[in-house]
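K.L.:
quick one, what's the 3D model for this:
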Amino acid sequence: MTHMQRSSSSSFSSHSHPHGDSAVYDALVRLAQPFSTNQPLIDGHGNFGSIDADPPAAMRYTECRLTRLASETLLDDINMDTVQFLPNFDGSEYEPAVLPAKVPILLLNGGAGIAVGMATNVPPHNLGELMDACVQMVKGRNHGVEIDDAKLWKIVPGPDFPTGACIIGKSGAKSLYTTGNGGIVMRAVMHLEEVSSSKKKRNAIIVTELPYQVNKAALLERIASLVNEKKLDGIADLRDESDRDGIRMVIELKRDAVAAVVQNNLLKKTALESTFSGNFLALFGSGTVPQRFTLREALDCFLDFRFQTIRNKCIFQLDKVENRAHIVDGLLVALEFTDRVIEIVRNAPDQASARAALMDPDTPELCLSSAQADAVLKLQLGQLTRLNGDKLRDEKKTLTESQATLQNLLTNDTAVRDSMIEEFESLKKRFATPRKTKILPDEDEALSEIDYIQNERSVIVVTRGGYIKRMPLKTFETQNRGTRGKRGASNNMSDDNEVAHFFSCNDHDTILMTTQSGIAYGLRAYQVPEGSRTAKGAPIPSVLPVKSEDVITSVLPVSEFSKNEFIVLATEFGWIKKTPLAAFENLTSRGLIIASLADGDRLNWCEKCTDADDILLGSTRGQATRFSASELRPTGRTSRGVKSMTLKKGDTIADMNVLRKDDEYVLAVTTEGYGKRVKTDEFRKTARGGSGVIAIKFKAGRVDDRISTMRVVNEEDEILLITSQGVIVRQKVKDIPCQGRSATGVLVQKVDVKNGDTISTVSIVPREEEENGN
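P.N.:
Residues are numbered from 1 along each chain as shown. Got it, this is the predicted structure:
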């Protein structure tokens, strides 16, 4: 590596730049900053500034050298006449007009500058993607087919900023790549985390990656100023925990703050979301004409330059090879006529006479050129051996092969392009790094995001403590009745981990989530963060703008919003309503009010139905009622509904189901783990609002036992049972006996009642999942 010593920096800059030390040093500092360039060209030792805009140390306190990438891709061929050398600004020395770069440095590390009436602002890109694009474009030239824009954008989807962060949408990058001008929206990477502060636990927004060229210190000051001016609510504390391992800005939230709302305000009012105004402008042609360019034009220009650079290198190398081959030919002649050469040299009065005699046309066996004669005269007697002759003949063979290869490169364009492909692939293998900046779809492109997600089967768990996670269904295999099962939630038996909802769905399904206060939210299943069986999950406020005092009480996966289907909503106090499913089609994560509730009542159930279905409700004291769904008149989203069942004092609704024609059994499971199957025919239809019939009787002595769940099942179904402490069992329904309504059932799952564990919920595994998941 080449070291730049401080003692010689003044001399260096005085010959290379008319503006002196400071201009050179400022440029050098930027090339050494890992937060300014994707692939630093300078390996700096000392203080070279920070992302907080701290200035670098004075040049006498720093040292630097070229990185391996810089020395190998910019200077490797500098001494092979690959580029033109021109006088410097004062004519005292010569300098290269450009460097023989093997990578498109302007696109790789970006650049910004201003001039009279014009400016340029080129974002950095990923080296591996640029090399892939170059390889594909060169292959296209070999086959006479130009790579189309769609394929080029797929290879280089957008800039790759050294600070990471996210790009929102691809429209800005496409505009920049096709017109030379475009705004790229950048967003910081944030997540919600529970932190301890002053012996209290609070939710906090953690910022780990910032948009490109955002000053972290200035950003923190801006947020603090907005909080002090009452322009930004919900923030309790703000601190910077960044270290050498990376950025970590902690924004603690107040207890009543909705994380999603605070995050949206931060994005709107601060530089956590900012726009990179790209402007592709550079000197083209002779290097004196400013020209706006596109991504394709930039890559084409680089490939043309690299093609000519390799040709220039081949011309230089061929000249060297031919000159050496000429010398070797002369030495081989001298070895063949060793006695004659010795005789001429011995009889010559001086070296000039000996050279003339070796070059004399009247000596046909020799008749060497001037260069050959000089080489012969420099030979030592020890080199006139047979072994040395063999070496020269081997060298002659190698030179002839090299000469043929170089001649082929000079005459065959395809050979040059093949050489370029090998070079680009080698550079990618040695220097490429994974993409740092993620590209997320914007609101206009959100519909296309689902095309990139596989529609797999998953299980989603929601805890009473406000956490949610998604797990592949294959995590759980079938087990026998009465077993302890696998743990599907965290080992920590705190209230946060008590499971409230557990269901299976497709990743493309829309998850309709309702809260106890009557608000509904919608999101795709794949948008739920994935976690392991024992992971706690992600806080719901990081996924949906749910208030801290509100609780998710019902979750419904919806595959299609049919016009002939309805949503049936039921509350804990027995109120029920029916609303067209189409009314929820445009439901988003922002939420909508879907029911008006009495004081103390909670909206607990949400199911799909048609007018041909029946509604079955069960109470915690073991009663059940069944009536036709057509008895319910469709109402608007905000109505209260009608009374579904007359409840005794202290009794509440335990579960609600929609009965269809093919449904065979109702599975009743108590909180202490007892259960049974009951034929649906045993539940006769009654008028809505009645007290119902007996659904189950409880075991003698189990005074605290209550119905936990009543689920409609078929004999070939499988179920997933989960306790409030997170123990999961997967069973076949046919292993649970079918009994009458008055029976007490059998032990379905062992429950640690003494330690407060109870059956929390039961989920039916769809038949397709059973076939694919076992």
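K.L.:
ok, the nearest residue to residue 25 once chain neighbours are set aside to residue 581 distance?
P.N.:
Spatial nearest neighbour of residue 25, chain neighbours left out: residue 59 (5.0 Å); criterion: C-beta to C-beta, 6 or more residues apart in numbering. C-beta here means a position set from N, CA and C on the backbone, and glycine is covered the same way. Per C-beta to C-beta, to the nearest Å, residue 59 is found 70 Å from residue 581.
K.L.:
which strand residues bridge the residue nearest to residue 438 when sequence neighbours are not counted?
P.N.:
Setting aside the residues directly before and after it, residue 438 is nearest to residue 166 in space (C-beta to C-beta, 6+ apart), at 4.8 Å. Residue 166 has these beta-bridge partners by DSSP bridges: residue 187, residue 438.
K.L.:
tell me the contacts of residue 166?
P.N.:
By C-beta atoms under 8 Å, 6 or more residues apart in numbering, the residues touching residue 166 are 186, 187, 188, 189, 209, 437, 438, 439, 440.
K.L.:
where's the first one relative to residue 158, distance?
P.N.:
As judged by C-beta to C-beta, residue 186 and residue 158 stand 10 Å apart.
K.L.:
show me where pLDDT drops low in the stretch 101-250 of the chain?
P.N.:
Across the stretch 101-250 of the chain, the ranges flagged by pLDDT under 70 are 198-199.
K.L.:
ranges for the strands of it?
P.N.:
For the stretch 101-250 of the chain, the strands defined by DSSP state E, counting those that start in this stretch cover 111-115, 118-122, 166-168, 181-187, 189-197, 200-209, 235-240, 249-253.
K.L.:
of all the ones you listed, which one is nearest residue 389?
P.N.:
strand 111-115 (56.6 Å; C-beta to C-beta).
K.L.:
tell me the angle the longest helix along the chain makes with strand 118-122.
P.N.:
Assignment by DSSP state H gives helix 295-336 as the longest helix of the chain. Per axes from the mean of the first three to the mean of the last three C-alpha atoms, to 10 degrees, the angle that helix 295-336 makes with strand 118-122 is 70 degrees.
K.L.:
need the pLDDT of the residue most central in space within the chain.
P.N.:
What sits nearest the mean C-alpha location of the chain, by C-alpha atoms, centre = their mean, is residue 438, with 4.4 Å. We have a pLDDT of 94 for residue 438.
K.L.:
buried sites along stretch 178-185?
P.N.:
Neighbour-count burial for stretch 178-185 flags 180, 182, 184, 185 (criterion: 16 or more other C-beta atoms under 10 Å).
K.L.:
just how off-centre is it within its chain?
P.N.:
Distance, stretch centre to chain centre, for stretch 178-185: 22 Å (C-alpha atoms, centre = their mean, to the nearest Å).
K.L.:
so what touches it?
P.N.:
123, 149, 158-159, 167-169, 172-176, 273-281, 292-295, 442.
K.L.:
neighbours of the residue nearest to residue 473 when sequence neighbours are not counted, how many?
P.N.:
Excluding its sequence neighbours, the residue lying closest to residue 473 (C-beta to C-beta, 6+ apart) is residue 457, at 4.3 Å. Residue 457 is flanked by 19 other residues according to other C-beta atoms under 10 Å.
K.L.:
and residue 734, by the same measure?
P.N.:
Other residues near residue 734 come to 16 when the count uses other C-beta under 10 Å.
K.L.:
just the one 4 residues further on next, same as before
P.N.:
Residues lying near residue 738 (other C-beta under 10 Å) number 15.
K.L.:
and it, how far from residue 682?
P.N.:
10 Å.
K.L.:
what about the stretch 651-774 of the chain, any weak spots by pLDDT?
P.N.:
Using pLDDT under 70, the stretch 651-774 of the chain drops low at 765-774.
K.L.:
go with 90
P.N.:
Counting by pLDDT under 90, the stretch 651-774 of the chain contains low-confidence residues at 651-657, 660-665, 669-675, 680-734, 740-774.
K.L.:
can you pull out the helices in it?
P.N.:
767-773 (DSSP state H, counting those that start in this stretch).
K.L.:
could you grab the helix/strand/coil label for the closest residue to residue 55 other than its chain neighbours?
P.N.:
Closest residue to residue 55 apart from its sequence neighbours, by C-beta to C-beta, 6+ apart: residue 49 at 6.1 Å. Of the three states, residue 49 takes coil according to DSSP: H, G, I helix; E, B strand; the rest coil.
K.L.:
pretty sure residue 49 sits against residue 31.
P.N.:
No: in terms of C-beta atoms under 8 Å, residue 49 does not count as a neighbour of residue 31; the distance is 11.8 Å.
K.L.:
so those two - more neighbours on which side?
P.N.:
residue 31 (20 against 17).
K.L.:
tell me the SS of the more buried one?
P.N.:
helix.
K.L.:
quick revisit: which one of the buried residues of stretch 178-185 sits closest to residue 226?
P.N.:
Once C-beta to C-beta is applied, the member of the buried residues of stretch 178-185 that ends up nearest residue 226 is residue 185, at 20.5 Å.
K.L.:
which residue ranges of the stretch 401-550 of the chain form helices?
P.N.:
413-431, 446-449.
K.L.:
any chance of those in a markdown table, plus mean pLDDT?
P.N.:
What follows is the helices of the stretch 401-550 of the chain, written out as a markdown table (pLDDT from 0 to 100):
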| stretch | mean pLDDT |
| --- | --- |
| helix 413-431 | 95 |
| helix 446-449 | 49 |
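K.L.:
kind regards, and thank you for your time.
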